[in-house]
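S.K.: Sequence and predicted structure are below.
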2 protein chains.
Amino acid sequence: MASDMTPAREASLADLGLAAAARMIARGEVTSEALVSACLERITRTDREIGAFAWLDPNHAMEQARAADRWRRTGSGCGPLHGVPVAVKDIIDTADMPTEYGSAIFSGRRPEKDATCIAALRSAGAIIIGKTVTTELALLTPAATHNPAAPGHTPGGSSAGSAAAVAAGMVPAALGSQTAGSVLRPASYCGVYGYKPTLGLISRRGVLLQSHTLDTVGVLTRSLADAALIVDCMSAQDPGDDVSYLRSQPNLTGLAGQPPPVPPALVFLKTPSWNDADTRLHAAYAELADALGATLEEVDAPVLSDIIEWQRIVQLAENAAYYGPILDRHPDQLSDGIRERLVAGSAVPVRTYLEAVAAREAAYARIEALFTRYSAILTPAAPGPAPKLEEGITGSPIFNGLWTYLGMPAVSIPLLEVDGLPLGVQLVGQRRDDGRLLRTANWLEATLSANSNAS
Amino acid sequence: MASDMTPAREASLADLGLAAAARMIARGEVTSEALVSACLERITRTDREIGAFAWLDPNHAMEQARAADRWRRTGSGCGPLHGVPVAVKDIIDTADMPTEYGSAIFSGRRPEKDATCIAALRSAGAIIIGKTVTTELALLTPAATHNPAAPGHTPGGSSAGSAAAVAAGMVPAALGSQTAGSVLRPASYCGVYGYKPTLGLISRRGVLLQSHTLDTVGVLTRSLADAALIVDCMSAQDPGDDVSYLRSQPNLTGLAGQPPPVPPALVFLKTPSWNDADTRLHAAYAELADALGATLEEVDAPVLSDIIEWQRIVQLAENAAYYGPILDRHPDQLSDGIRERLVAGSAVPVRTYLEAVAAREAAYARIEALFTRYSAILTPAAPGPAPKLEEGITGSPIFNGLWTYLGMPAVSIPLLEVDGLPLGVQLVGQRRDDGRLLRTANWLEATLSANSNAS
């Protein structure tokens, strides 16, 4: 059922995963210079067509790589991402590169400081190679990026460039962010892994804020292990972010790699959007359910349509508050879609908004009850494969927004395809138990791969 | 300048302070039965006129007192409030008494569980003697309670009964709550101490919610030491209240009693409401400023009028959200004032509301900068003495709401009077440093008392 979504391309160091590359650099088997240079070569060759990068200075990247190699040769020890390039969605502040939010209004904007998560990546040794294209202000207006795994189709949004860069083998990992479905949907469309951790695991300080209730930093990678590793490097409590929480240092990499103590049971939540999804998706999921047999139980969960609506209301109203000043100052430089959206958000009654916020914990308590029986929720990552570019949309986050609202960790795993187009399977875990979610995701992948080898 | 505001009354055990009473009970110098009985006698004698209690069952109170005495005689050890009666504002849930929110809509409402702060008081050994009158839904419509320290005047609101009960010597301490100025203003009007701790020090679980951003449980007592003691007994992190914060166990009682390490400097913030305040208040504060000399520096602080407006917006909008369902179900059983208020709150634009919430941390950072030079902010606790009952108002919280919005700890100290009417001095401290605030308040009281003895 699963297959390699990546179009044929010449083998290169750029195809190394994050963990593998870091290991090889630490052992001296490859230099950061060689790795970054291979990535830059891939970018030079393909990005004119793909359009994943919003800003990239090869010299600056190579300088960072050479500095990493010099550091390593001093014998001073290497961080877990030493010398490995990472790309960053252009709504996350970088002190050495512009951060322009995908909007002409912020053209040339240079933050003074790195976002907290960027500073964490740099301490882990990562090379910030460049900034990836985001849709305008991380909302729904499509960017010009193409989908490397599905030519002629959208890569999704808003983390369009990050998903495309990883899918095209330009970088082993990239940062994205999700307010409704902006990490998991592009991951699904581009045939890569998307991981949105529990709200509060990664600090949002220095990241464009469109909704304090929902915004979550996430990652795009080519393996679950790489997703765990890069999130491990960024997770730390930050008193500067209200949703950040105190905890013992998680070691997702270690947890994710362990076999489950008992065979996991998964709960299949079709959610109220199921009937509107692509019929090819229905067929693919029927096949998946067959393959999983009794491991997967379908359940009708309560309050899901309310949750979808609450997420919509919260995002709309908070968008209007955070982007309202931009609308006031630069009405002509916003797209019609965003202008209309901000006007609609301003009209949300305050009571409706506050009820939508207040409903969250009780709704989560009802969903959380599922985790006494199940290791993870299984549900589509998107309503179908990537829409065609000419449709002028980035696809719908309808299968993602409810989990973002609930602050639950979620991954998209590139397990399915229809008509040669990638289709992710979304697994959703219990809040603050990202390790169990990733372990279950690993197990699912291994199980399906064993099945398919056996058949 | 300061004088005893309490009208002449027969000496009684009911006049003992909280700490003194607890100490005497622990030593066996007085029984809880005798103490509670003295309080009940005072209540019987005076509450027909004052109207401080919404619910009181003398038998139930006496049973608790006798149980406390039996327990003590077993030698099992006494909590810090063992056998001492405390009265509770009727918006705080008590499992053994009704909690009716000052509204006929909730007549006969019996909560299943104690509020977290009530459970904490009971573990400290306190006797919950009864429920005190609150204004309707803890808002601005006056209750029928009279001011024992200023006959013919309002006790203020919304913690009207709690302030009156303490002022009349019915109980040594009572719980109140403050969303704008509902603890400090009645304290000022009734000539008692009011203390609103840092937001999050006392859990709000089981307390009627009218604004999650603002609602704060506070206390009314007849000394600063008693205020420190009762808050010590209730402060504990509660994962069930989002604003509750993790900290080492504070010992306010110990801290408040220490002499300041250096002589405190106080900053006098008249705030934008100063010019609208009673001219008699202006004269009293001029006298106070004279007495304090160089210790008190007047400063023009920034953003204060914005803060006043933000508090108003947040309270109005959140009121509408939390009380909206009551308005929907029982429109005819709400007073006109509340109905109008809820309609106005529903009309607050969501963007205005969210901006008011988002502005808080930056505003606090600017105010907090004062604490590098000053130990506390000094400002009136109310715009003047208590208004007359016939005015049909509970007075204005205009001098309190801004500190509630900022989540800062504040006390009202009964230091002034005009025309025989009490007038509190408000001291405001740095967030999460309630100990320093109370220590400074103690120092201020001692300094003024030494001055007045010397003159």
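M.R.: Received, thanks.

S.K.: use CA for all of it now, contacts and neighbours both
M.R.: Noted.

S.K.: bridging residues for residue A:418?
M.R.: residue A:421 (DSSP bridges).

S.K.: Wait, it touches residue A:281, no?
M.R.: Yes - assessed by CA atoms under 8 Å, residue A:418 is found in contact with residue A:281 at 7.4 Å.

S.K.: Name the residues contacting each of the two.
M.R.: residue A:385 (CA atoms under 8 Å, 6 or more residues apart in numbering or on different chains).

S.K.: out of the two, which sits in the busier spot?
M.R.: When residue A:418 and residue A:281 are compared for neighbours, residue A:281 comes out ahead with 20 against 14, by other CA atoms under 10 Å in any protein chain shown.

S.K.: That one: helix or strand, and which one exactly?
M.R.: In this assignment (DSSP states H and E), residue A:281 forms part of helix A:279-292.

S.K.: Return the distance of that helix from the chain's centre.
M.R.: Offset of helix A:279-292 from its chain centre (CA atoms, centre = their mean, to the nearest Å): 24 Å.

S.K.: CA atoms of that helix as CSV?
M.R.: Taking C-alpha atoms only, helix A:279-292 is exported to CSV below (Å, rounded to 0.1, in the frame of the first residue of the first chain):
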residue,chain,number,x,y,z
THR,A,279,-14.1,8.9,-2.1
ARG,A,280,-10.7,7.6,-3.0
LEU,A,281,-9.7,8.3,0.6
HIS,A,282,-12.6,6.2,1.8
ALA,A,283,-11.3,3.3,-0.3
ALA,A,284,-7.8,3.7,1.0
TYR,A,285,-8.9,3.8,4.6
ALA,A,286,-11.1,0.7,4.1
GLU,A,287,-7.9,-1.1,2.9
LEU,A,288,-6.0,0.2,5.9
ALA,A,289,-8.7,-0.9,8.3
ASP,A,290,-8.6,-4.4,6.7
ALA,A,291,-4.8,-4.5,7.1
LEU,A,292,-5.1,-3.6,10.8
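
S.K.: what does that helix contact?
M.R.: A:296, A:383, A:384, A:385, A:416, A:417, A:418, A:448, A:451.

S.K.: Which residues does the first one form beta bridges with?
M.R.: The bridge-partner assignment for residue A:296, based on DSSP bridges, gives residue A:266.

S.K.: so it makes contact with residue A:269?
M.R.: No - under the criterion of CA under 8 Å, residue A:296 is not in contact with residue A:269, lying 10.0 Å apart.

S.K.: These two: who's more crowded?
M.R.: Using other CA under 10 Å, the more surrounded residue of residue A:296 and residue A:269 is residue A:296, with 21 against 18.

S.K.: dump the residue contacts of that one.
M.R.: A:265, A:266, A:267, A:268, A:289.

S.K.: So which bits of the stretch 301-450 of chain A are right by chain B?
M.R.: Counting by CA under 8 Å from any CA of the partner chain, the stretch 301-450 of chain A comes close to chain B at A:317-318, A:320-321, A:324, A:346-355.

S.K.: Can you tell me which of those comes closest to residue B:226?
M.R.: residue A:354 (37.3 Å; CA to CA).

S.K.: Sticking with the closest residue to the closest one other than its chain neighbours, tell me its helix or strand.
M.R.: Distances taken as CA to CA, 6 or more residues apart in numbering or on different chains place residue B:321 nearest to residue A:354, at 6.1 Å, with adjacent residues excluded. For residue B:321, the host element (DSSP H and E) is helix B:304-329.

S.K.: pLDDT averaged over that helix - what is it?
M.R.: The pLDDT scores in helix B:304-329 average 97.

S.K.: re earlier: name the nearest of the contacts of residue A:296 relative to residue A:151.
M.R.: Using CA to CA, residue A:289 is the member of those that sits closest to residue A:151, with 28.6 Å.

S.K.: how deep is that closest one tucked in, by neighbour count?
M.R.: Residue A:289: 16 neighbours (other CA under 10 Å).

S.K.: same check, this time on residue A:179
M.R.: Counted with other CA under 10 Å, residue A:179 comes out at 27.

S.K.: for residue A:114, same thing?
M.R.: Neighbours around residue A:114, by other CA under 10 Å: 19.

S.K.: Looks to me like it is in a helix.
M.R.: No - under DSSP: H, G, I helix; E, B strand; the rest coil, residue A:114 sits outside any helix and is assigned coil.

S.K.: Count the residues that sit near the closest residue to it other than its chain neighbours.
M.R.: Closest residue to residue A:114 apart from its sequence neighbours, by CA to CA, 6+ apart: residue A:94 at 4.4 Å. By other CA under 10 Å, 25 other residues sit near residue A:94.
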